[in-house]
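Participant: show me the folded form of this:
(one chain, ligands or ions: 1)
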Amino acid sequence: MTGTQAVGVQASEGRADEGRADEGRADMGRADEGGVADERWASEVRRLAARRDAVILAHNYQAPEIQDVADHVGDSLALSRLAAASTASVIVFAGVYFMAETAKILAPDRTVLIPDPRAGCSLADSITAQQVREWKAEHPGAAVVAYVNTSAEVKAESDLCCTSANAAQVVASVPADREVLFLPDQFLGAHVRRVTGRANLHVWLGECHVHAGISPADLRRKAQADPRAELFIHPECGCSTAALWQAGEGDLPAGRTRVLSTGGMLEAARTTAAPAVLVATETGMLHQLRRANPAVHWEPVNPGAVCRFMKMTTPAALLRCLREGVTEVTVDPGVADRARRAVQAMVA
Ligand code: SF4
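Facilitator: Numbers count the residues shown, from 1 in each chain. I've put the predicted structure just below:
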């Protein structure tokens, strides 16, 4: 789902009484249009969330001020679990569109809002449901394993859904003699093929433009510049496949090179003994890592690895979302029913 695809997105009307009650605060909305995330803004966000009985979920790649005002911050899997377990009437998803769709699939009776429906994902956009159907027709009987970064329609065509944290286990759960179609991320797919040693794993050639922009050359240069540093590499990164090969060749420090999901990075952050860590993923992750272990010097491998879709959740957009109840995310019930099997397998 691109952020520009409006199908399945509808603006719900804000409550009439709330509109009146907020008239006196209209000046704040205008003042905040510049994106000032101060204490007044944060307390207004919290007030409006309480009023709507809303829980705010923020992805690790969100801007620091959005992470700080949220109820929960995490990766796709953690946030999916929280959405499924939450008893709040409204789920505000500060992330990208497919994540809000996944929350709606898991919590169909709840209202799911996204602050900016244009927040798409280049990786999710790299395959359509029609392309999955055609790929399946070429490999009859194969199991389709979809990374969570996919549209609801693509999930509905899949047998199993996974995150970067559990992709290898999910693939390993498929009988060894059954072909696997892994989509859409080629770097994660290559990582899974290496970990599982599976020859009958076919990988879709999709990629995330942000992660693909973190190159092996960046990694080698940074690692050589600081020989004390550990390397935390997300398996979606363009450098991950090459990084493991480089480590094997002695080009990178094998003992200090770790391929980790974002959740795995946070766990490793709490226990690392290294004085410095180079991080190969979207730079929003640095905020949580610094909080988890302030004694470590955290440095992005590529400071330009910024997802503009994730940064569409501005302070002004979040405030408007809570004030006006926009934008509501809907998923066709038939698509949601078919996608739910695959997503529930991932969450379980
Ligand atoms: S960082 Fe890449 S995979 Fe993540 S939301 Fe942005 S475009 Fe999608």
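
Participant: element containing Gln288?
Facilitator: helix 285-292 (DSSP states H and E).

Participant: and that helix, what's buried?
Facilitator: Met285, Leu286, His287, Gln288, Leu289, Ala292 (16 or more other Cβ atoms under 10 Å). Any C-beta I mention is one placed from the backbone N, CA and C, and that applies to glycine too.

Participant: report pLDDT for the last one.
Facilitator: So that's Ala292. On pLDDT, Ala292 comes in at 97.

Participant: mind checking how far it is from the ligand?
Facilitator: 20 Å (Cβ to the nearest ligand atom, to the nearest Å).

Participant: helices or strands up against the helix holding Gln288?
Facilitator: helix 64-69, helix 262-271, strand 276-280, strand 297-300 (3 or more Cβ pairs under 8 Å, 6 or more residues apart in numbering; DSSP states H and E).

Participant: close to the ligand: what parts of the chain are there?
Facilitator: 61, 96, 121-123, 149, 208, 210-211, 282, 307, 309-310 (Cβ under 6 Å from any ligand atom).

Participant: most neighbours of all those residues, which one?
Facilitator: Val96 (30 neighbours; other Cβ atoms under 10 Å).

Participant: excluding covalently adjacent residues, which one is nearest to Ile114?
Facilitator: Distances taken as Cβ to Cβ, 6 or more residues apart in numbering put Ala100 closest to Ile114, at 4.3 Å, once the chain neighbours are dropped.

Participant: adding pLDDT, distance to Phe187 and secondary structure, write the residues of the chain next to the ligand out as JSON lines.
Facilitator: As requested, the residues of the chain next to the ligand are arranged in JSON lines below (pLDDT from 0 to 100; distance: Cβ to Cβ, whole Å; DSSP: H, G, I helix; E, B strand; the rest coil):
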{"residue": "Tyr61", "pLDDT": "96", "distance to Phe187": "17", "secondary structure": "coil"}
{"residue": "Val96", "pLDDT": "97", "distance to Phe187": "18", "secondary structure": "coil"}
{"residue": "Cys121", "pLDDT": "96", "distance to Phe187": "15", "secondary structure": "coil"}
{"residue": "Ser122", "pLDDT": "95", "distance to Phe187": "13", "secondary structure": "coil"}
{"residue": "Leu123", "pLDDT": "95", "distance to Phe187": "10", "secondary structure": "coil"}
{"residue": "Asn149", "pLDDT": "94", "distance to Phe187": "12", "secondary structure": "coil"}
{"residue": "Cys208", "pLDDT": "93", "distance to Phe187": "8", "secondary structure": "coil"}
{"residue": "Val210", "pLDDT": "93", "distance to Phe187": "12", "secondary structure": "helix"}
{"residue": "His211", "pLDDT": "90", "distance to Phe187": "7", "secondary structure": "helix"}
{"residue": "Glu282", "pLDDT": "95", "distance to Phe187": "14", "secondary structure": "coil"}
{"residue": "Cys307", "pLDDT": "97", "distance to Phe187": "16", "secondary structure": "coil"}
{"residue": "Phe309", "pLDDT": "97", "distance to Phe187": "18", "secondary structure": "coil"}
{"residue": "Met310", "pLDDT": "97", "distance to Phe187": "18", "secondary structure": "helix"}
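
Participant: gap between stretch 45-59 and the chain center?
Facilitator: In terms of Cα atoms, centre = their mean, to the nearest Å, the centre of stretch 45-59 is set 20 Å apart from its chain centre.

Participant: repeat for stretch 60-70
Facilitator: Chain-centre distance of stretch 60-70: 13 Å, with Cα atoms, centre = their mean.

Participant: please identify the buried residues of that stretch?
Facilitator: Here stretch 60-70 shows Asn60, Tyr61, Gln62, Ala63, Glu65, Ile66, Gln67, Val69, Ala70 as buried, counting by 16+ other Cβ under 10 Å.

Participant: and which of the residues you listed is nearest Thr241?
Facilitator: Thr241 has its nearest neighbour among those in Tyr61, at 21.5 Å by Cβ to Cβ.

Participant: helices and strands around the helix or strand harbouring Arg47, which ones?
Facilitator: Assigned by DSSP H and E, Arg47 belongs to helix 39-52. If you count contacts as 3+ Cβ pairs under 8 Å, 6+ apart, helix 39-52 packs onto helix 26-32, strand 54-59, helix 64-69, helix 315-324.
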